[in-house]
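Q: return a 3D structure for these sequence lines:
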Amino acid sequence: MHRRRFIALLGAAVIAARTLRAQQKTMPVIGALLAGSPPANLGDLLRGPIHQGMGEMGFVEGQNVTWEYRWAEFHYDRFPALAADLVSRKVDLIVTAGGTPAALAAKRATSTIPIVFTDVADPVGFGLVDSLARPGGTLTGFSNLMVELAPKRLELLYELVPHAAEFALLVNPDNVMAERYINTTREAARAKDVKLVVPKATTEADIDAAFEKLQTDGLLVAPDLFLGSRRNQLVALTVRHAVPAIYFGARFVIAGGLMSYGVGLATHDGNAADDEDAIARQAGIYAGRILKGEKPADLPVQQPTTFKLVVNLSTAKALGLTIPPSILARADEVIE
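A: Just a heads-up that it's a prediction; the model follows:
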């Protein structure tokens with residue numbers, strides 16, 4: 001009797017295992033190519049805006065879709081190998097959240113797997129898509145205008161420090177966009193008759209070393225995911241060295257930075273989602289639409305349409321600066 005019960009239970013377990021394997025084989029797999037490091041709790045990522053967008057399209061992690069995560073840990077040279085690994089695992093779609101370097105690596109790794117990219121600068125110029133309105137290939141997603149905003153950031157910094165003779169532009173040289181950003185910012189500085197120096201940093205130690213040598217009237221921090229991850233370090237150094245600085249994202253200002261101009265706006269009370277989260281959610285929606293049968297070639301690349309100026313008056317006071325009324329009048333958010 002016990003033997004029969006054991007055999008019955010064993011048979012049921014085998015059937016259940018086969019059923020689970022069959023479900024897993026038919027469940028689409030999404031590869032995520034990410035710039036940063038794994039979060040301490042992966043559940044935080046699963047509850048993020050990309051997964052929210054996927055959920056709106058009916059795709060829930062572990063129920064009818066699975067994910068394969070690859071983390072570059074801010075070493076952009078790792079993207080090609082990570083992308084190739086995702087392709088070798090035959091994922092059904094790749095989502096990149098590592099800026100232009102991640103999107104380029106994914107495109108070079110596959111010509112057949114659909115790709116949804118985020119935070120990419122000049123997707124047409126880099127050959128990722130044929131046009132914004134009709135991408136025409138296997139890629140689509142969300143572009144930024146970080147290079148185009150460079151002259152505006154320099155103009156705002158010059159308005160704050162009108163007698164400046166020299167500005168510094170901190171860049172990550174490993175970012176494929178670095179040279180474009182340097183050239184655009186240099187042209188804007190030349191128009192103001194301001195010298196531009198370009199310290200470079202790929203590590204935390206590089207950032208510290210750059211500030212030890214820095215003697216400038218103002219600092220611009222070039223858009224970069226690694227530099228963005230070091231915002232607390234950068235803000236602390238600018239205050240310690242009394243350097244007026246403008247950043248590419250509001251999170252710097254919320255952390256105590258002086259001023260930012262860019263796409264994202266995260267309110268300091270934490271009650272409002274910022275534009276970056278909204279873009280990530282839309283990327284999740286795009287991924288869901290593609291899994292349901294739509295083609296990337298028919299989904300237009302989207303660009304930001306609103307830009308926000310954020311100012312921190314407490315930091316200005318600590319630096320001994322007075323924010324001009326002209327800047328305050330245009331600020332979308334003022335932190336006191």
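
Q: for Cys336, what are its contacts?
A: One thing to correct before we go on: residue 336 is Glu, not Cys. Neighbour list for Glu336: 313-314 [criterion: CB atoms under 8 Å, 6 or more residues apart in numbering]. C-betas here are computed from N, CA, C, even on glycine.

Q: please repeat the previous calculation with a cut-off of 10 Å.
A: Contacts for Glu336 were tallied using CB atoms under 10 Å, 6 or more residues apart in numbering; they are 268, 311-314, 317.

Q: which residue packs closest to Lys195, ignoring adjacent ones?
A: Leaving out its chain neighbours, the residue that sits closest to Lys195 by CB to CB, 6 or more residues apart in numbering is Glu166, at 4.3 Å.

Q: what's the neighbour count on that neighbour?
A: As a burial measure, Glu166 scores 13 neighbours (other CB atoms under 10 Å).

Q: swap in Leu128?
A: Using other CB under 10 Å: Leu128 sits among 24 other residues.

Q: next one: the nearest residue to Lys90 once chain neighbours are set aside, what pLDDT does it get?
A: Excluding its sequence neighbours, the residue lying closest to Lys90 (CB to CB, 6+ apart) is Val29, at 7.6 Å. According to the model's per-residue confidence, Val29 sits at a pLDDT of 96.

Q: surely Val29 is in contact with Val87?
A: No - taking contacts as CB atoms under 10 Å, Val29 lies outside contact range of Val87: 11.7 Å.

Q: before we move on, back to that, just put the contacts of Glu336 in TSV and tack on neighbour count and pLDDT.
A: Rendered in TSV, the data for the contacts of Glu336 read as follows (neighbours: other CB atoms under 10 Å; pLDDT from 0 to 100):
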residue	neighbour count	pLDDT
His268	17	42
Val311	25	97
Asn312	26	97
Leu313	16	97
Ser314	11	96
Lys317	12	95
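
Q: may I see these organised as CSV, with secondary structure and distance to Val147 added?
A: Rendered in CSV, the data for the contacts of Glu336 read as follows (DSSP: H, G, I helix; E, B strand; the rest coil; distance: CB to CB, whole Å):
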residue, secondary structure, distance to Val147
His268, coil, 27
Val311, strand, 23
Asn312, strand, 25
Leu313, helix, 29
Ser314, helix, 30
Lys317, helix, 32
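
Q: who does Met259 bridge with?
A: According to DSSP bridges, Ile246, Val311 are recorded as the beta-bridge partners of Met259.

Q: residues contacting it?
A: When the contact criterion is CB under 10 Å, 6+ apart, the partners of Met259 are 153, 156-157, 160, 244-247, 250, 252-253, 309-312, 315-316, 321, 323, 327, 331.

Q: what's near enough to touch Ala105?
A: Taking CB under 10 Å, 6+ apart as the definition of contact, the neighbours of Ala105 are 33, 72, 76-84, 86, 94, 96, 98.

Q: and those residues, which two are the farthest apart?
A: For these, the maximum inter-member distance is 18.4 Å, found between Asp77 and Ile94 (CB to CB).

Q: secondary structure class for the residue sitting nearest the centre point of the chain?
A: In the chain, the residue lying closest to the centroid (CA atoms, centre = their mean) is Asp119, at 5.2 Å. When the structure is split into helix, strand and coil by DSSP: H, G, I helix; E, B strand; the rest coil, Asp119 lands in strand.

Q: where does the closest residue to Asp130 other than its chain neighbours land on pLDDT?
A: By the measure of CB to CB, 6+ apart, the closest residue to Asp130 outside its immediate chain neighbours is Gly136, 3.5 Å from it. The model reports Gly136 with a pLDDT of 94.

Q: likewise Asp277?
A: Here the pLDDT value assigned to Asp277 is 75.

Q: just the one 10 residues further on next, same as before
A: As predicted, Ala287 sits at a pLDDT of 97.

Q: from Val197, how far out is it?
A: 42 Å (CB to CB, to the nearest Å).

Q: if we can go back for a sec, for the residue nearest to Asp130, which residues are in contact?
A: Counting by CB under 10 Å, 6+ apart, Gly136 touches 129-130, 295-298.

Q: what about the chain, any weak spots by pLDDT?
A: Confidence mapping of the chain against pLDDT under 70 gives the ranges 1-25, 40-47, 264-276.

Q: domain parsing for it?
A: 22-145+273-298, 150-262+307-335 (automatic domain parsing).

Q: gap between the longest one and the chain center?
A: Yep, that's domain 22-145+273-298 we're talking about. Per CA atoms, centre = their mean, to the nearest Å, the displacement of domain 22-145+273-298 from the mean C-alpha position of its chain is 12 Å.

Q: with adjacent residues omitted, what lies nearest to Phe252?
A: Take Phe252 and drop its neighbours on the chain: the residue closest to it by CB to CB, 6+ apart is Arg231, 4.8 Å away.

Q: what about the one you found, how many residues nearby?
A: Counted with other CB under 10 Å, residues neighbouring Arg231 total 19.
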